[in-house]
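In: Starting from these lines, generate the structure:
(chains A and B)
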Amino acid sequence: AQKVTQAQTEISVVEKEDVTLDCVYETRDTTYYLFWYKQPPSGELVFLIRRNSFDEQNEISGRYSWNFQKSTSSFNFTITASQVVDSAVYFCALRVYNNNDMRFGAGTRLTVKP
Amino acid sequence: DTAVSQTPKYLVTQMGNDKSIKCEQNLGHDTMYWYKQDSKKFLKIMFSYNNKELIINETVPNRFSPKSPDKAHLNLHINSLELGDSAVYFCASSQDKAAYQPQHFGDGTRLSIL
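Out: Below you'll find the model as predicted:
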C-alpha cells in the first residue's frame, strides 16, 4: 500500500524567511513518482513538480527547491526568501508505476506574514 | 483559455436531491479524474477515465456515477444527496494514464448540502 505523510499541519513564517515542507512516503514498489501541488486560498490545485524514483537529483526552480532522498523516503520542498504569495496549502503526492491511484498527503498550510 | 473547467463553481442543494457537475478539458488529454476534498483538505480519488473507459472506481457509493460522453468531458452525477457529500469536488486530466504524467486540476466545485 502507498502512503504519504506530511507531518507539518501548519507552518507560519515571516516574509523573507526560508521554509521547508516535509514529505515522507511509503511504498514497496521500486518505480514510482512523487509530486508537489500548491492550493492557494482561491482553491485551485497547481502542479509544481514531479520526481521519478530512479532520479535522485535535486531540483531548483527560482526560489523553490526539492530534496529527494530515497534512503529516508523523503521528498522535501524548500521555499527560499518566502513571500506572502507563497501562502497556500501544499500537497505532496505519490503514484506508483502501473497504478492509477494518486495518493495525496494531508497537506501543509503555509502562512507567510508580511 | 481555461485548461480544465468545471461547472458550477458552487452548488447548494437539499438532501435527497440529484445533481450533476460538469467537467471539460481542452488539453487534448486522454485521461480524466474526479477527486473529493473533504473539510480537512484531504484529497481522495473517486474515478478515473481513460479514453472514455473507467479505469478506477474507488469505494465510493453507487449514488455517484461518472459519465464520459467523449474524452474531453467527464461529468459527475450524484443521486439522493446526503449531508456527508458536502465537499469540494475536483476534476483533473493527464496526457495519458501513465503514472508519471502530472495531473492538471480544475478550480473545484464546492457542494453544500442543506
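In: How about the residues of chain A by chain B?
Out: Neighbours of chain B within chain A, by Cβ under 8 Å from any Cβ of the partner chain: A:32-33, A:35, A:37, A:39, A:42-47, A:50, A:52, A:89, A:91, A:95-102, A:104, A:106-107, A:109. In this view, the C-beta of every residue, glycine as well, is placed from N, C-alpha and C.
In: would you put the C-alpha positions of stretch B:9-16 in PDB?
Out: Presented in PDB, the C-alpha positions along stretch B:9-16 are these (Å, rounded to 0.1, in the frame of the first residue of the first chain):
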ATOM      1  CA  LYS B   9     -18.300  26.500  -9.100                       C
ATOM      2  CA  TYR B  10     -20.700  26.400  -6.200                       C
ATOM      3  CA  LEU B  11     -23.700  24.100  -5.700                       C
ATOM      4  CA  VAL B  12     -26.000  24.500  -2.700                       C
ATOM      5  CA  THR B  13     -28.900  22.000  -2.600                       C
ATOM      6  CA  GLN B  14     -31.000  20.000  -0.200                       C
ATOM      7  CA  MET B  15     -30.600  16.400   1.000                       C
ATOM      8  CA  GLY B  16     -32.200  13.900  -1.300                       C
END
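In: wouldn't B:Leu27 be in contact with B:Gln103 here?
Out: No: the pair B:Leu27 / B:Gln103 is not scored as a contact, 10.8 Å apart, by Cβ atoms under 8 Å.
In: More neighbours: those two, which one.
Out: Remark: of B:Leu27 and B:Gln103, B:Gln103 carries more neighbours, 26 against 13, as counted by other Cβ atoms under 10 Å in any protein chain shown.
In: right, and that one touches A:Phe104 too?
Out: No: counting by Cβ under 8 Å, B:Gln103 does not reach A:Phe104; the two are 10.6 Å apart.
In: Out of the residues of chain A next to chain B, which end up buried?
Out: Using 16 or more other Cβ atoms under 10 Å in any protein chain shown as the burial test, the residues of chain A next to chain B include A:32-33, A:35, A:37, A:39, A:45, A:47, A:50, A:89, A:91, A:95-96, A:100, A:102, A:104, A:106-107 as buried.
In: Find me whatever residue is spatially closest to the residue in chain A positioned nearest to chain B, sequence neighbours aside.
Out: Closest residue of chain A to chain B, Cβ to the nearest Cβ: A:Leu45 (3.8 Å). Distances taken as Cβ to Cβ, 6 or more residues apart in numbering or on different chains place B:Phe105 nearest to A:Leu45, at 3.8 Å, with adjacent residues excluded.
In: do B:Phe90 as well
Out: With Cβ to Cβ, 6+ apart, the residue lying closest to B:Phe90 is B:Tyr35, at 4.4 Å.
In: Which helix or strand contains the one you found?
Out: strand B:31-37 (DSSP states H and E).
In: returning to that earlier point: pLDDT value on the residue of chain A closest to chain B, please?
Out: Listed pLDDT for A:Leu45 reads 94.
In: With B:Thr2 instead?
Out: Confidence score, pLDDT, at B:Thr2: 68.
In: low-confidence ranges in chain B?
Out: Within chain B, the ranges that satisfy pLDDT under 70 run B:1-2.
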